[in-house]
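> Predicted model and sequence follow; I will ask about them next.
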Amino acid sequence: MTLAATVIIPTFDHGPTLRYSVHSALAQTVKDIEVFVIGDGVPEITREIVKPFIKEDPRVRFFDHPKDVRQGEVYRHAALAEARGEIVCYLSDDDLWLPHHIETMQELLKNADFAHALPLRVDPDGSIGSWNVDLAIPGFRQFHLAGNNTIPLSCGAHTMAMYRRLPHGWRTTPRNIWTDLYMWQQFFSQPDCRLASGTQPTVLHFPSPDRKGWTLDQRVTELDHWVKKIVDSKWYQNFPAQVLDSIVRDRAQISFQSISMQEYIGHLQRVGQEKTNEIEQLRQQLHEVMNLNDQLIKGREQLDLQLHQLRQQNPKLQQQTEKLRGTLQSAQRAKENLETEYAALKNELNAIHRTATWRLRNRFSRVPMAGTLLRWVANVLAGRAAR
């Protein structure tokens, strides 16, 4: 028999918080449902908590499995093989649904294959926050396919028909990616999968990363506080207005941050323009340096050519040098010979100067009329000789 919805509640070690999430699933305005609690290596306390639900409400089934590699994704796939719901809704074991959640998902999935409720989060201080997402905008599909997630597990829902058309379904998720996002991406990657975003607050999500260091008692106390609010009809009626007020204030803060960001972007753009101008100046300087480098290269090429030409002329220069060296050596030898002859003549002259005749000549040359007397003697001697 086909049911309106199958509810999947995975659980590991939260134990007591499970009691509140199961209650919120069974308190839906849509009663024609089945609730699958899927254990992934749960402690004994979780089994004790589930037993009364199974006993008191036949819509609850418990799938008890040993601990899986990640969060028991393969166990969810196996459970869905037995599911009878037309749609599938997911609920974390530490989150809460408002009573009209499944009803809202039914309405969204009439014209869609995957849908999600307004993604609200309850901050540790009790304030309400939300994530911005509208799957009707194509960019959000790509945003999630790129590895971003704004749809908590408790907000997601899909038709069973679409799930059966997927290539894999729930499977072990690689590290460093959220298990729910890994599943959502399968839907988003199918071009024929119609997507829808809800705008009604039907889910209270209590992110565990924001509550690191909290004890289970603290988590239970928090959920108990919110359950009491949900069952209060006056609070329940006013809650959408409270959410709207919170969202409007968040958007105002975001708008202010956006203005500040725009101013900051303008500053960055001005700085960027200055840096661009500096880069342009450096580019011009680099261009000049490159031109100078080209000139140096050309100059070096010319020098290399001249050096090559000189090297080619070197043999002739060497021949001329050898010839000049020979001439120089001959001249040196001639000089040495002249110096030797000069020394010999000088020695002979010195020897003449030392003779008695030379000394007598020097004395005679100092006598008055010596020259005339010598000429007269010479003539007399010459006359005698003639006779």
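Structure received.
> neighbouring contacts of stretch 215-234?
Residues external to stretch 215-234 that are found in contact with it (CB atoms under 8 Å, 6 or more residues apart in numbering): 14-17, 20, 23-24, 94, 96, 98-99, 122, 204, 206, 211, 235-236, 239. Every residue, glycine included, has its C-beta placed from N, CA and C.
> are any of these buried, and which?
Among the contacts of stretch 215-234, those buried by neighbour count (16 or more other CB atoms under 10 Å) are 14-17, 20, 24, 94, 96, 98, 122, 204, 206, 239.
> Dump these to a markdown table, plus pLDDT, secondary structure and distance to residue 181.
Converted to a markdown table, the buried ones among the contacts of stretch 215-234 look like this (pLDDT from 0 to 100; DSSP: H, G, I helix; E, B strand; the rest coil; distance: CB to CB, whole Å):
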| residue | pLDDT | secondary structure | distance to residue 181 |
| --- | --- | --- | --- |
| 14 | 85 | coil | 20 |
| 15 | 87 | coil | 25 |
| 16 | 94 | coil | 27 |
| 17 | 96 | helix | 22 |
| 20 | 97 | helix | 25 |
| 24 | 97 | helix | 23 |
| 94 | 96 | coil | 18 |
| 96 | 98 | strand | 21 |
| 98 | 97 | coil | 24 |
| 122 | 95 | strand | 21 |
| 204 | 97 | strand | 20 |
| 206 | 97 | coil | 18 |
| 239 | 87 | helix | 27 |
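> now those residues in TSV, with distance to residue 116?
Formatted as TSV, the entries for the buried ones among the contacts of stretch 215-234 read as follows, by distance: CB to CB, whole Å:
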residue	distance to residue 116
14	22
15	27
16	27
17	22
20	21
24	17
94	18
96	16
98	14
122	17
204	14
206	17
239	18
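> the helices in this structure, which residues?
Counting by DSSP state H, the chain forms helices over residues 17-26, 44-56, 73-80, 101-108, 138-145, 160-165, 179-188, 216-230, 233-353, 356-364, 370-386, given from the N-terminal end onward.
> quick one: the third one to helix 179-188, angle?
Spelled out, that is helix 73-80. With axes from the mean of the first three to the mean of the last three CA atoms, to 10 degrees applied, the angle from helix 73-80 to helix 179-188 works out at 60 degrees.
> pLDDT (mean, whole number) over helix 73-80?
Across helix 73-80, the average pLDDT comes to 97.
> So which other helices or strands are in contact with it?
Contact here means 3 or more CB pairs under 8 Å, 6 or more residues apart in numbering; DSSP states H and E; on that basis helix 73-80 packs against strand 3-11, strand 33-40, strand 60-65, helix 179-188.
> I'd like to know which of those is closest to residue 87.
Using CB to CB as the measure, strand 3-11 is the one of the helices and strands packed on helix 73-80 that comes nearest residue 87, at 4.9 Å.
> would you put the C-alpha positions of the closest one in CSV?
Backbone C-alpha positions of strand 3-11 (Å, rounded to 0.1, in the frame of the first residue of the first chain) are rendered in CSV as follows:
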residue,chain,number,x,y,z
LEU,A,3,1.7,6.0,1.8
ALA,A,4,1.9,9.8,1.6
ALA,A,5,5.5,10.0,2.9
THR,A,6,8.5,8.0,4.2
VAL,A,7,10.5,9.7,7.0
ILE,A,8,14.2,8.8,7.3
ILE,A,9,15.8,9.6,10.7
PRO,A,10,19.5,8.5,10.8
THR,A,11,21.0,8.2,14.2
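> Show me how far that strand is from its chain's centre.
Centroid separation between strand 3-11 and its chain, computed with CA atoms, centre = their mean, to the nearest Å, is 42 Å.
> Can you list the strands that it pairs with?
strand 33-40 (parallel), strand 85-90 (parallel) (DSSP bridges).
> Just tell me which of those strands ends up closest to residue 332.
Proximity to residue 332 (CB to CB) singles out strand 33-40 among those, at 112.3 Å.
> and that closest one with helix 101-108, angle?
Inter-element angle recorded for strand 33-40 and helix 101-108: 110 degrees (by the same axes, to 10 degrees).
> Residues contacting strand 33-40, please?
Outside strand 33-40, the residues within contact range by CB under 8 Å, 6+ apart are 3-12, 18, 22, 25-26, 46-47, 50, 53, 57, 59-65, 67-68, 71-72, 75-76, 79, 83-85, 102.
> are any of the residues you listed buried, and which?
Buried residues within these, counting neighbours by 16+ other CB under 10 Å: 3-12, 18, 22, 25-26, 46, 50, 53, 59-63, 71-72, 75-76, 79, 83, 85, 102.
> pLDDT weak spots in this structure?
Applying pLDDT under 70 to the chain flags the ranges 248-269, 271-272, 275, 279, 289, 310, 317, 321, 356-387.
> mind running it again at 90?
By pLDDT under 90, the low-scoring segments of the chain are 1, 13-15, 69, 132, 138, 233, 236-237, 239-387.
> that older thread, what would the helices and strands packed on helix 73-80 look like in CSV with distance to residue 224?
Supplementary listing: the helices and strands packed on helix 73-80 in CSV, determined by distance: least, CB to CB, whole Å:
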stretch, distance to residue 224
strand 3-11, 18
strand 33-40, 20
strand 60-65, 21
helix 179-188, 25
